[in-house]
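K.L.:
coords please:
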Amino acid sequence: RTAAGRVYPSPPLPTAGDAYSYAFEASVLALPAACVAANRLSPNWTDRARAVHLWIGRQSELPRGVTLGCGCGTVIFLGGSSGLIGDSWKYANMMAAAGYVVLAPDSFAGRELGLRYRVPTPNLAAETRRAGAAGSERFWCANNVYRGDCPPFNTDVERPPQMGCYSSSASDILSDPKGWRSYYERIYELRRRELEQTLRLLPRSLAHAPKMFLAGASEGAMVVARFSNPEFEARLSGRIVLQWSCERNYYMSCNALPSLCEGRCASSSPVLALIGQLDPYFSAGGTNASSIADKVARESGGAPLTGSCYAQMRTQRLSRAISVVLPQHLLPLHGLGTASPNIVHALLSAFLRDPAEMVTSPPLAPEAGLCVLRAQDAAGPAEFVCSELGAESLRLPPGNCSWAGEFAHSVNYELGSLGVCATSARASVALTPALAAGISLGAAAVGAALALLCLRVVSLIRGRFRARSRHTELLDARSSRSAGTARSRRDGETEPGASGAV
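P.N.:
Numbers count the residues shown, from 1 in each chain. Down below sits the predicted model:
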């Protein structure tokens, strides 16, 4: 039930597993440079540095005979509540550029199910190539994957509702807390069944890759965090939780627990969780009292929130779990890949490279000057607060396909050897001074010459970061004038007429 008094029945979910095969069959693939070369594919995408050549398209668009056992490993990635758009698209790009085959099941391909559907971009691979040839900055686009939207059932009353598409509203949730918790649990179950079927249909080359990761953003992150499959868990190298706080709030059923992998994963299971400090959906009171989770908790007598996964990691005593909170220039942003793309790329690459030793990775090292340890439990889990790599001011994203009012940190910082997966013998020597200071200082230095270089670049990056406060003051003044109109589109999920973010 909505605050306006409208009641919407939610249809039952099919019990047969093959009813969810559409998600795998319509999945989007992002193939790394190694796979492009091994299969002699014509690349249709480059990373932000214009150096790594990728292939992106629907799985069904791949030529026959293509082998997928060619990357550093496999990442099964679940996009947010509007599909593989906005920041979800950026994360997939980042992980493919790091050398991994990224497979993103499409929850919006189940037209016959009647719950959520978006008309896809015809021949995504060809459209991606065309846009790239035209020099389009498609990395920053709000939507590259779909031509149609999915009207939220609780806000778009002019069109027939799709009950799998929604826009989270504190007033709606408070009008019927039990009904909305039940609804969100049904969404979880939908995504869980899609993921289970995807794992059943996964080609052996991907299922038995050198490394296997499960990653998700927003709605997809909630599923990734909770999902448990004993057979799959044994092969999992780690899970990545983006834009979700791993705690009991409006987005979970009263009977569900916020436990990672339902409390069944080993204490040594690697987990990386990233969330914005002022996330408009899940941040805690005291930092962003207007977040939906905080407002619902305060007005319904719920437990106080923490706004990150760290508390749950401590509860489960996960020794290799890392929570990272990103200030995001103190803007109320849900997505992480627009205002903080360089630090997010660095953190993702470091975790994919060595998930078991993330706590000592270069981006988190004190010498890098990017992250501050906020808390660490004796059992091992830790929480850091990490600033963006690069002190440049946010600007309007390149091109004309981003959401209105969105600001981006469009200056790219190369990752050098950090962007090369550990299973590869290839090493990169393209180190920029800012990269060496911000990333490579955490790596072991060999020889006096390299040590001297490290000292010099530390001085350089510290100088850059002393200028951060001046940029932030200017940014805050500018963003305060436009926050009212831009906020709904800066979250990395919501677009006009589309399903709302969580």
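K.L.:
quick one: low-confidence ranges for the stretch 201-350 of the chain?
P.N.:
Residue ranges of the stretch 201-350 of the chain with pLDDT under 70: 255, 286-289.
K.L.:
just the helices in it please.
P.N.:
Here the stretch 201-350 of the chain has its helices, by DSSP state H, counting those that start in this stretch, at 204-207, 219-226, 230-233, 292-300, 310-316, 341-353.
K.L.:
can I get those in a markdown table with distance to Pro397 and mean neighbour count?
P.N.:
C-betas here are computed from N, CA, C, even on glycine. Formatted as a markdown table, the helices of the stretch 201-350 of the chain follow (distance: least, Cβ to Cβ, whole Å; neighbours: other Cβ atoms under 10 Å):
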| stretch | distance to Pro397 | mean neighbour count |
| --- | --- | --- |
| helix 204-207 | 32 | 15 |
| helix 219-226 | 23 | 27 |
| helix 230-233 | 36 | 12 |
| helix 292-300 | 26 | 20 |
| helix 310-316 | 31 | 22 |
| helix 341-353 | 10 | 27 |
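K.L.:
Of all the ones you listed, which one comes closest to Asn144?
P.N.:
Of all the helices of the stretch 201-350 of the chain, it is helix 341-353 that lies closest to Asn144, at 16.1 Å by Cβ to Cβ.
K.L.:
Which element is encountered next along the chain beyond the closest one?
P.N.:
Downstream of helix 341-353, the first helix or strand assigned by DSSP states H and E is strand 371-376.
K.L.:
Give the other helices and strands that that next one contacts.
P.N.:
Where contact means 3 or more Cβ pairs under 8 Å, 6 or more residues apart in numbering; DSSP states H and E, strand 371-376 is packed against strand 382-386.
K.L.:
give me the number of residues near the residue nearest to Tyr146 when sequence neighbours are not counted?
P.N.:
Nearest non-adjacent residue to Tyr146, counting by Cβ to Cβ, 6 or more residues apart in numbering: Arg118, 4.2 Å away. For Arg118, the neighbour count with other Cβ atoms under 10 Å is 24.
K.L.:
Next, Arg118: secondary structure please.
P.N.:
Secondary structure, DSSP: H, G, I helix; E, B strand; the rest coil: Arg118 is coil.
K.L.:
roughly how far apart are it and Asn143?
P.N.:
Computed as Cβ to Cβ, to the nearest Å, the Arg118 to Asn143 distance reads 9 Å.
K.L.:
Over to Ala346?
P.N.:
The gap separating Ala346 from Asn143 is 26 Å, by Cβ to Cβ.
K.L.:
Tell me which residues touch the residue lying closest to Glu299 once chain neighbours are set aside, please.
P.N.:
Counting by Cβ to Cβ, 6+ apart, Glu299 lies nearest to Leu174, which is 5.7 Å off, once chain neighbours are set aside. Neighbouring residues of Leu174 by Cβ atoms under 8 Å, 6 or more residues apart in numbering: Ala3, Lys295, Val296, Glu299, Ser300.
K.L.:
Kindly reformat the residues you listed as TSV and extend each row with distance to Asn39.
P.N.:
As requested, the contacts of Leu174 are exported to TSV (distance: Cβ to Cβ, whole Å):
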residue	distance to Asn39
Ala3	52
Lys295	50
Val296	48
Glu299	54
Ser300	53
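K.L.:
Now flag whichever of those is closest to Val101.
P.N.:
The closest of those to Val101 turns out to be Val296 (Cβ to Cβ; 38.4 Å).
K.L.:
can you pull out the helices in the stretch 1-150 of the chain?
P.N.:
Under DSSP H, counting those that start in this stretch, the stretch 1-150 of the chain gives helices at 21-25, 33-38, 86-97, 124-133.
K.L.:
can you tell which of these is closest to Gln243?
P.N.:
Closest approach to Gln243 among those is made by helix 86-97 (7.6 Å; Cβ to Cβ).
K.L.:
Does anything pack onto that closest one? Which helices or strands?
P.N.:
In terms of contacts (3+ Cβ pairs under 8 Å, 6+ apart), helix 86-97 is packed against strand 28-31, strand 53-58, strand 74-78, strand 101-104, strand 212-217, helix 341-353.
K.L.:
what's the average pLDDT for that helix?
P.N.:
Average pLDDT, helix 86-97: 95.
K.L.:
what does stretch 162-169 give?
P.N.:
Mean pLDDT, computed over stretch 162-169, is 92.
K.L.:
right, and Glu406 touches Gly337 too?
P.N.:
No: taking contacts as Cβ atoms under 8 Å, Glu406 lies outside contact range of Gly337: 11.3 Å.
K.L.:
List the buried residues in stretch 9-26.
P.N.:
Judged by neighbour count using 16 or more other Cβ atoms under 10 Å, the buried positions of stretch 9-26 are Tyr20, Ser21, Tyr22, Ala23, Phe24, Ala26.
K.L.:
just curious, which of those is nearest to Gln197?
P.N.:
Distance to Gln197 across the buried residues of stretch 9-26 (Cβ to Cβ) is lowest for Tyr20, with 4.2 Å.
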